[in-house]
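Asker: Quick one, fold the following:
(chains A and B)
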Amino acid sequence: MLSQQETILVALQDLDLMLKEAADRQDQFEKLGFDVSGVQELRKARSELVEHLDKANLQHYERMVQRYGRAVMPVTGDVCLGCFSKLPTQYRSSLYEGKVRMCQSCGRMLYYP
Amino acid sequence: MKVEELLGFFDRRLCIFDLKGRTKDEALAEIVDRLAPGDKGSNRKIILEMLRNREALGSTAVGKGVAFPHGRSLAVSRLMAIFARSSRGVDFDSIDGEPTHLFFVLLAPPQDRANQYLPALGRIIETVRDEALRERLMAVTDFDGFAAVMREGKVS
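Answerer: Purely as a prediction, here's the structure:
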């Protein structure tokens, strides 16, 4: 189970991706018959979401977005799928419960499915 | 995209033929519950939040009783599609103001290396443009019936 902060980070990244796709692929969505005009509503939802993030997590998230485009990466078999580095197996232990785990190699925030 | 490839994204266990929800929130929650049964935790919350945000961007109910809730989430590991049907209809903010009966939900991971997400969505939309096909989908009672109707769909 993800911590509250990890859950918000994943939801934030999903939201940022939706905003990006709404801008980059507006024509494609409209051609399919979809209305994607509610960008302001999404920006409002984003503002509300980040209010629940710790300042340090938000700053790190924004830094990783600047550097890599996506700040949160999934983990498979104790490997960060952002840089394919091996992650400490302790990350799965209860010691890290409630904490945001980061890849020691690339710095991205990690999502353990 | 061939229809068999499209049907491969649907999981028969996730399809709902008697959606009970009457509102947008209830219907989306019921569909996501089917995706993650018993999961009251983070993944359910993340996917539901993503679908609600997508609706805030603009309703995915495009009229004629059909909606296509869709989006990408890190909580989804592969492209997946879900069919749901409500006999009574759901108030889903449809552009024609009418109740929505047929739901085609498409969920994709953030990275879709094979670029199947939009072609799959386009193929579903094109298939259900046919009014007679939509009427037949209103009568199917199981996944095999659903698949048979979709296979008969004409795509220009």
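
Asker: Run a quick check on B:Phe92 versus B:Asp25, I expect a contact.
Answerer: No: with contact defined as CB atoms under 8 Å, B:Phe92 does not reach B:Asp25; the gap is 10.1 Å. Glycine gets a C-beta too; all of them are placed from N, C-alpha and C.

Asker: between these two, which one's more packed in?
Answerer: Comparing B:Phe92 with B:Asp25 by other CB atoms under 10 Å in any protein chain shown, the one with more neighbours is B:Phe92, at 24 against 14.

Asker: contacting residues around the more buried one?
Answerer: B:24, B:27, B:59-61, B:67, B:99-100 (CB atoms under 8 Å, 6 or more residues apart in numbering or on different chains).

Asker: Which strand runs longest in chain B?
Answerer: The longest strand of chain B (DSSP state E) is strand B:80-90.

Asker: what's the answer for chain A, then?
Answerer: strand A:72-76.

Asker: Strand partners (parallel or antiparallel) of it?
Answerer: In the sheet, strand A:72-76 lines up against strand A:79-80 (antiparallel), strand A:109-111 (parallel) (DSSP bridges).

Asker: Mean neighbour count, mean pLDDT and distance to B:Ser42 added to these, as TSV?
Answerer: Shown next, in TSV, are those (neighbours: other CB atoms under 10 Å in any protein chain shown; pLDDT from 0 to 100; distance: least, CB to CB, whole Å):
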stretch	mean neighbour count	mean pLDDT	distance to B:Ser42
strand A:79-80	20	97	19
strand A:109-111	22	95	10
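
Asker: Those into TSV, with extra columns for distance to B:Phe143?
Answerer: TSV is the format used below for the strands paired with strand A:72-76 (distance: least, CB to CB, whole Å):
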stretch	distance to B:Phe143
strand A:79-80	35
strand A:109-111	31
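
Asker: For A:Glu6, which of the ones you listed is the nearest?
Answerer: Closest of the strands paired with strand A:72-76 to A:Glu6 is strand A:109-111, at 6.9 Å (criterion: CB to CB).
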